[in-house]
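J.: everything below, folded, please.
(one chain, ligands or ions: 1)
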Amino acid sequence: MLVELLRTRRSIRKFEKKPVEKEKVDQIVEAALRSPSSRGFNPWHFVVVADPETLGNLSKAKPHGASFLKDAPLAVVVCADPSVSDVWVEDASIASIIVHLTAADLGLGSCWIQIRKRPHESGTSAGEHIAGLLNLPENLEVESIVAIGYPAEEKKGHPEESLQREKVSFEIYGKTE
Ligand SMILES: Cc1cc2nc3c(=O)[nH]c(=O)nc-3n(C[C@H](O)[C@H](O)[C@H](O)COP(=O)(O)O)c2cc1C
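T.: Next up is the predicted model:
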């Protein structure tokens, strides 16, 4: 059940030094390609990276929140073409979360690394840094990198009492039940 997966899912940033099997990589790729997108335009492109040197270079895409990628065995760089869809950000975000949830379903840990709108330390953008590393064509923007691997940290799902139920209204705003 998806809801059970959501109850236990967390962002994982520490990984075992163990590669992700090809069958699991294939399932993650398949899931990404099955992501819903506005009008079915599928504006995304996914770059699957397992090369440790490239992962190390990607981990330097931005000054904060990406360094753990250097110790991950796998990453999916989620890109999209803004000329294909005006809502490519939504489409690429949905695909990113599908990758994250599929990884969890396969017993893997993963974490979204935000790239869009993030600067690289050189003054260019994190996305431009990545475009150079991966030889991306000019039409593609990078939305995120999802770092993936076998978890080397244990995190409990968010407890029921932490859910912000006050952020939900029924029928009209502010009506809480
Ligand atoms: C849009 C978005 C951007 C995120 N960017 C980063 C990031 O750059 N680096 C990072 O370590 N975690 C990032 N995260 C993971 C969040 O920090 C994490 O989801 C949040 O703290 C809640 O923790 P949980 O996923 O374990 O419930 C991002 C998550 C989302 C949805």
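J.: how about the CA coordinates for stretch 166-176, as CSV?
T.: Listed in CSV are the C-alpha atoms of stretch 166-176, where the atom choice follows Å, rounded to 0.1, in the frame of the first residue of the first chain:
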residue,chain,number,x,y,z
GLU,A,166,-4.5,22.3,11.1
LYS,A,167,-3.3,22.8,7.5
VAL,A,168,-6.3,20.9,6.2
SER,A,169,-9.8,22.4,5.8
PHE,A,170,-13.0,20.7,4.9
GLU,A,171,-15.5,22.4,2.5
ILE,A,172,-14.4,26.0,3.4
TYR,A,173,-11.1,27.4,4.7
GLY,A,174,-10.7,27.1,8.4
LYS,A,175,-13.4,24.4,8.9
THR,A,176,-11.4,21.7,10.5
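J.: what's residue 119 sitting at in phi/psi?
T.: phi -80, psi 150 (degrees, to the nearest 10).
J.: which residue is the nearest non-sequential neighbour of it?
T.: Using Cβ to Cβ, 6 or more residues apart in numbering and skipping the chain neighbours, the partner closest in space to residue 119 is residue 125 (5.9 Å). From N, CA and C alone the C-beta is placed, and that goes for glycine too.
J.: which strand is the longest one in this protein?
T.: strand 141-149 (DSSP state E).
J.: quick one: average confidence on that strand?
T.: Here strand 141-149 scores 98 as its mean pLDDT.
J.: that strand pairs with which strands?
T.: strand 74-80 (antiparallel), strand 109-114 (antiparallel) (DSSP bridges).
J.: only C-alpha atoms, please: export it in PDB.
T.: This file holds the C-alpha atoms of strand 141-149, laid out as PDB (Å, rounded to 0.1, in the frame of the first residue of the first chain):
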ATOM      1  CA  GLU A 141      17.200  22.600 -17.400                       C
ATOM      2  CA  VAL A 142      18.100  20.600 -14.300                       C
ATOM      3  CA  GLU A 143      15.400  20.300 -11.700                       C
ATOM      4  CA  SER A 144      16.900  18.000  -9.100                       C
ATOM      5  CA  ILE A 145      19.300  15.200  -8.400                       C
ATOM      6  CA  VAL A 146      17.900  12.200  -6.500                       C
ATOM      7  CA  ALA A 147      20.800  10.500  -4.600                       C
ATOM      8  CA  ILE A 148      20.000   6.800  -4.200                       C
ATOM      9  CA  GLY A 149      21.600   3.800  -2.300                       C
END
